[in-house]
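Student: below are the sequence and a predicted model for it; my questions follow.
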Amino acid sequence: MTVMTAEGSSIDATRPSIARVYDYLLGGKDNYAVDREVGDVFLRDLPGSVAIAFANRAALTRAIAHIVTTTGVRQFIDLGSGLPTADNVHQVAQRHTPESRIVYVDNDPQVLVHGCALLEQNDRTRVVRADIRDPEGVRTHPDTLELIDFDRPVAVIFSAVLHHINDDEDPAGIVRHWRDHVPSGSHFFVSHFRSGDNPETAEAERVLQQTFGRGRWRTDAEIASLLDGLEILDPGIVPAPLWRPDTADNPWSNGGEQRELTVWEHLIAAGLARKA
């Protein structure tokens, strides 16, 4: 079944979408039966795995808040942004600094549909339908250039997207391209599936590769190497729940009750880097 959007784009509702599966796992409603079928594998056969999605989203929210409250960065490019959900990048950034400008990038036509709704509400937000494997095409897209001033620092966001890029597609080269085309003071946020060397990791990775035919989970050292040439800020590449857990209601913060992470919470890493 093909669904036509108001903009004339087509959505293939017979093939699962990474963005829509993620939306389903986060409790969203912008998904189809084929996406829920994949999501249910995690919910049914890998109980607890949905914690990966929530841990990743929470770390992204903290990273955006950290950037806008501790640096002068007011421009964001969210690569592989996925479907809108609670606390999107523009909502977090503009909550603290209303002048912040955000470009969302994704190649899923359904993301574009929902992005148009964002555009109607916010003139400092753009949505670019493009493939993040073509960083120059993204950077020089008219909608990007309309909003982003590349003479000023930019925050480049790779939230849970680089693990969907195969090694032969050169994920490090994608990050390097952005590193080379943004000025000093720019920041890079990365979250990425971690190799866990356990049955849970192997099964979750198998499901994703079998479903989407791509992707690779990487070690912390491999994730760090994606940020070569950048200064990785404290606390480094760590499980996402442990990345700056600085809110009083966060169970991993100094103000909250400490507990051991589950095996699933160890499987998504996060890190923030800065271009000197």
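Tutor: That came in fine, so what should we check first? Numbering: from 1, shown residues only.
Student: list the contacts for residue 195?
Tutor: 201, 217, 218, 219 (Cβ atoms under 8 Å, 6 or more residues apart in numbering). Bear in mind the C-beta positions are built from the backbone N, C-alpha and C, glycine included.
Student: quick check on it: phi, psi?
Tutor: When read as degrees, to the nearest 10, the backbone of residue 195 gives phi -70, psi 130.
Student: what about it, distance to residue 217?
Tutor: 5 Å (Cβ to Cβ, to the nearest Å).
Student: need the overlap of contacts for the two.
Tutor: With Cβ under 8 Å, 6+ apart, residue 195 and residue 217 have common neighbours residue 201.
Student: before we move on, the earlier item: would you show me how to pick out the buried ones of the contacts of residue 195 in ChimeraX?
Tutor: To isolate the buried members of those in ChimeraX, using 16 or more other Cβ atoms under 10 Å:
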select :201,217,218
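Student: can I get the contacts of residue 195 in CSV including pLDDT, distance to residue 209 and secondary structure?
Tutor: Output for the contacts of residue 195, formatted as CSV (pLDDT from 0 to 100; distance: Cβ to Cβ, whole Å; DSSP: H, G, I helix; E, B strand; the rest coil):
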residue, pLDDT, distance to residue 209, secondary structure
201, 74, 12, helix
217, 87, 10, coil
218, 92, 14, strand
219, 91, 17, coil
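Student: report the distance from the longest helix along the chain to the chain centre.
Tutor: Longest helix in the chain by number of residues (criterion: DSSP state H): helix 51-70. From the chain centre to the centre of helix 51-70 is a distance of 10 Å (Cα atoms, centre = their mean, to the nearest Å).
Student: residues of it that come out buried?
Tutor: For helix 51-70, the neighbour count (16+ other Cβ under 10 Å) marks 51-68 as buried.
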